[in-house]
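Enquirer: quick one, fold the following:
(one chain, ligands or ions: 2)
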Amino acid sequence: MQAVSLVKDYGRGENLVHALRGVDVAFQRGRFTAIMGPSGSGKSTLMHTLAGLDSATSGRVLLYGVGADGQSGSHKRSAQSGSSDGHAFVDLTKLNDNQLTLLRRHSIGFIFQSFNLLPMFTAEQNIVMPLTLEGVKPDRAWFDLLISTLGLQGRTNHRPSELSGGQQQRVAIARALITKPAIVFADEPTGNLDSVSSAEVLSFLKRSVRELGQTVIMVTHDAVAASYADRALVFADGRIVADENNPSAERMS
Ligand code: ADP
Ligand code: ADP
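Expert: Numbers count the residues shown, from 1 in each chain. Ligands and ions are numbered 1, 2, ... in the order given. Here you go, the predicted model:
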């Protein structure tokens, strides 16, 4: 995924806010990136714009490995999509609301601070919910791989209330990954967890990135959480002011 000269303004006149002042950044497949920075620096705006939840004022948002219909692996061509090095991509800034909804459903995973699990359903039912809503049967091998990678063996028939906070967040991670999305956004995923559960969730998230080849972008205030990522971007006043690889994250696995 790539942002090109991405600008986002809110309001106008006296209320004009430059939330993103021309952001250029590329996220490589199979890497875990943390976005840090003070409150109000533009982290959420970047994430929402990359995810197509918020429209850009100008610039482009390119998502690789998907076709214009939002399906991963599609090789369709249209005005909004293209191909470089044989990989299909779409420019999210050119899609209408219906196309964005489909794209989010098929190609983007979300992990929230508050887990957002459905209390009446088991962990397994929660995990496969994005597919159930589409009337699609889960790929059993992928489901089993997610369960083992996230350490959820023996927990799939439990309801959320029967699981610890850390286990609930791992269920939410499995739900985000079940559609094999091209990219996963995590918004303060450890914000509601104690430090022990946080460490556990981040280890499993990192392992998922490594073993399943997922691309994860995590917004966090927490430097400890960011230390699990392969790369940390630091925002200030709508710009990236630091972009650092984390060699210890590479070694730690
Ligand atoms: P962060 O996630 O780093 O806390 P945000 O992306 O939420 O920062 O905010 C960046 C700037 O944009 C801030 O000045 C914030 O007040 C402003 N902002 C964010 N959302 C809106 C909105 N919907 N309307 C007006 N201003 C907004
Ligand atoms: P924060 O405190 O991080 O700003 P919000 O109040 O913005 O949290 O709410 C959680 C997030 O869920 C928001 O960023 C919102 O834009 C996002 N969101 C809303 N609808 C969807 C959706 N269909 N899929 C994924 N995320 C969504």
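Enquirer: for this protein, what helix or strand is lowest in average pLDDT?
Expert: For the chain, counting by mean pLDDT, DSSP states H and E, strand 81-84 ranks last in confidence among helices and strands (a mean of 58).
Enquirer: next up, the contacts around the residue nearest the centre of the chain.
Expert: Geometric centre of the chain, nearest residue: F185, 1.6 Å, by C-alpha atoms, centre = their mean. Applying C-beta atoms under 8 Å, 6 or more residues apart in numbering, we find F185 in contact with 47, 50-51, 108-111, 216-219. For every residue, glycine as well, the C-beta is placed using N, CA and C.
Enquirer: from those residues, which land in strands?
Expert: If you go by DSSP state E, the contacts of F185 have 108-111, 216-219 in strands.
Enquirer: filter those by proximity to ligand 1?
Expert: Taking C-beta under 6 Å from any ligand atom as the test, ligand 1 is in contact with none of the ones in strands among the contacts of F185.
Enquirer: so A176, which state does it fall into?
Expert: At A176, secondary structure determined by DSSP: H, G, I helix; E, B strand; the rest coil is helix.
Enquirer: that one contacts F112, correct?
Expert: No: checked against C-beta atoms under 8 Å, the pair A176 and F112 is beyond contact range at 9.2 Å.
Enquirer: quick one on the thing from earlier: which of the ones in strands among the contacts of F185 sits closest to ligand 2?
Expert: F110 (4.2 Å; C-beta to the nearest ligand atom).
Enquirer: which parts of the stretch 1-150 of the chain sit against ligand 2?
Expert: 44, 48, 53, 104, 110, 112.
Enquirer: need the max-distance pair from these.
Expert: S44 and R104 (16.2 Å; C-beta to C-beta).
Enquirer: which stretch of helix or strand covers the residue nearest to the centre of the chain?
Expert: In the assignment (DSSP states H and E), F185 maps to strand 183-187.
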